[in-house]
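*Asks:* got a sequence here, can you build the structure:
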Amino acid sequence: MKKVVLAALNAKYIHSNLALRYLSRFQDNNKKHNVLTREFTINQRLDFIAEELFRLQPDVILFSAYIWNVEMLRQLCPLLKKILPDCILGFGGPEVSYESEAFLRENPAVDLVMRGEGEIVFSKLLDYFDFGKPASLEEIGSLTFRKGGEIVSTMQEAPLDLALLPFPYEADFSDVENQIIYYESSRGCPYQCGYCLSSVEQGVRFVPLEKVLPDLQKFLDAGVRQVKFIDRTFNCRKSHAMAIWKYLHEHDNGVTNFHFEMTADLIDQETIDFLKTVRKGLFQFEIGVQSTNPHTIQAINRNVDFEKLSGIVKQIKAGENIHQHLDLIAGLPYEDYASFGRSFNDVYALEPEQLQLGFLKVLKGSMLHQKQQDFDIVYHDTAPYEVLTTHMLPFEDTLRLKYIEEMVEIYYNSGKFLHALAYLVPLYESPFAFFEALSQFWLAEGCQYKSLSKLGLCDVLWDFVQKNEKVDLRKFQWALKFDIALHEKPKKLPAWLKVGGNGQEYERITAKLVQKYLPTYADAEKKVLIRQTYLDVFGEEEPKAVLLDYGHKDLLGNAEYLVIPMEEVQELLAQERK
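*Replies:* Residues are numbered from 1 along each chain as shown. Alright, predicted model coming up:
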């Protein structure tokens, strides 16, 4: 019996590979094959990965290939062939499924490619290796392989009945400890977006709810922190989405968060009314806007009504219980620097919890890959094939957008400067103008060469605001001090941020307020109260006493807090002085 290793190179340690688990557990039902799984990261040395695989002495290694790891795998396989010359090396995944013959020609160390969905192909491949049934590789669908000096591709395998998908994780989730947990309840996408590989697939198939709901109960019973659905458009069938949402709402464990990729303009009023009833933090939505330029939307085959989308996003926002991540893509057809700025401002005005500014990846098999010459799209030759220039976006503008993206990630998406930004951004012509100015200052000060701590980032922002006469430095300081306190109990503040007290004067009355307002700490030891709670007063014109609870934070790391009547705080302080 051959020893087969399923291997993945994840982008980060916190990521887990769902494909490997499906393949392993799909064939594992009858325990008749010798299959191991191994996960590495792209941050590990090639030699280390090769050494670890060599120690296993496998007969077959099959890699899961994506845009973030394929270049590293291209380098790894020739090394493996030298130290494991008799080992069969195979690939699967979206990065090799659409030009598999060309991939084999370009990578002589690779022996075969499994195209598309891999569960059935992998099972048949194992039977071929161990039992000689089927008798030849030609009898296995969705396979591209070397035969003599030629490359052979078989017919596409029929899609898997998704009712047969196994639950991908160990019962105690020990295999994904401290990692992101992924789940899917459908495959395919109803849309034909020009930048996406899902447009190549035909239709959408759903995992039966009688399988999905018991699976979700396992996550709930284990109290995992977050589950990310990888469905391309989770809510494309309302009945399916609502059944899952209602189940999660009714069986909510008060802990687990579920992340969904959505199309907002499919959400109707009935759905919005329901979503307003769910626990804060139960759901998190990722909504692809990509652009608000009508010509761009048409060119990439999107069918999104931004006005309708905006209204729905605003209604969900008003519920104050669901984090929304809105996505934009730079480098799309008919979108120049100014047009992208307008798209940015349109989306920023919706006040999403995160605004993901990404850059076009020209993926093999996508419509824009086929039409790249029509729009003069120039991109990297190597994965992830990111755009460099287009017919309307010269490289200098791409570079400007790169640093704007970095500022958005550092100062907005981190969630660490939200009140400071809420004060600063309206002082500029537009949100895009603010982040543009900040990025230019960042470059002028050489910050791109520095590794900055959180306080270092505060210093950058302080130096930046000195250039704007509209900024009331005192108001800015109060806003920034509150941001710092929201994320962690202030211990050390920049020398220029000495507004108000340091919170120590309020420590002797904190316990009394905690007892009244935070009953979960009623029996906590003093050292726990000191570590997990903090009382301070923020502001001068209208000072507010705020009691922060670091034991309960949102998905961005902001502590929950209560505003305490100033009269009550002053009365307690007066009692303490007597």
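*Asks:* so for stretch 162-175, mean pLDDT?
*Replies:* If you average the pLDDT over stretch 162-175, you get 94.
*Asks:* then stretch 11-23?
*Replies:* Mean pLDDT, computed over stretch 11-23, is 93.
*Asks:* same check, this time on stretch 498-516
*Replies:* In this model, stretch 498-516 carries a mean pLDDT of 79.
*Asks:* gap between the two ends of it?
*Replies:* With CA to CA, to the nearest Å as the measure, stretch 498-516 spans 30 Å from end to end.
*Asks:* repeat that for stretch 355-374.
*Replies:* When the termini of stretch 355-374 are compared using CA to CA, they are 29 Å apart.
*Asks:* okay, buried residues for that stretch please.
*Replies:* Along stretch 355-374, these residues count as buried under the neighbour rule (16 or more other CB atoms under 10 Å): 355-357, 359-364, 366-369, 372. The way it works is simple: take the backbone N, C-alpha and C, and place the C-beta from them, glycine included.
*Asks:* report the two of these separated the most.
*Replies:* Leu355 and Lys364 (28.2 Å; CB to CB).
*Asks:* so who does the spatially closest residue to Gly141 that is not a sequence neighbour touch?
*Replies:* Leaving aside its sequence neighbours, Gly141 sits nearest to Glu157 (CB to CB, 6 or more residues apart in numbering; 3.4 Å). With contacts taken as CB atoms under 8 Å, 6 or more residues apart in numbering, Glu157 has the following neighbours: Gly116, Glu117, Ile120, Val121, Ile140, Gly141, Ser142.
*Asks:* so how far is Arg205 from the second one?
*Replies:* I take that to be Glu117. Distance from Glu117 to Arg205, counting by CB to CB, to the nearest Å: 10 Å.
*Asks:* now the strands for the stretch 251-400 of the chain?
*Replies:* 257-262, 283-290, 323-330, 354-359, 378-379, 387-389 (DSSP state E, counting those that start in this stretch).
*Asks:* now for the fifth one, which elements pack on it?
*Replies:* The reference is to strand 378-379. Here strand 378-379 touches strand 387-389, going by 3 or more CB pairs under 8 Å, 6 or more residues apart in numbering; DSSP states H and E.
*Asks:* tell me, how many residues neighbour Phe274?
*Replies:* Residues near Phe274, counting by other CB atoms under 10 Å, number 13.
*Asks:* wait, it sits on Trp245?
*Replies:* Yes: Phe274 sits in contact with Trp245 when judged by CB atoms under 8 Å, with a separation of 7.1 Å.
*Asks:* could you pull up the residues touching the closest residue to Tyr379 other than its chain neighbours?
*Replies:* Excluding the flanking residues, the one nearest Tyr379 by CB to CB, 6+ apart is Val362, at 4.5 Å. Neighbouring residues of Val362 by CB under 8 Å, 6+ apart: Tyr195, Leu368, His369, Gln372, Ile377, Tyr379, Tyr385, Glu386, Val387.
*Asks:* try 7 Å
*Replies:* Val362 is in contact with Leu368, His369, Gln372, Ile377, Tyr379, Tyr385, Val387, counting by CB atoms under 7 Å, 6 or more residues apart in numbering.
*Asks:* same deal with Arg225?
*Replies:* For Arg225, the contacting residues are Thr256, Asn257, taking CB under 7 Å, 6+ apart as the criterion.
*Asks:* cheers, nothing more for now.
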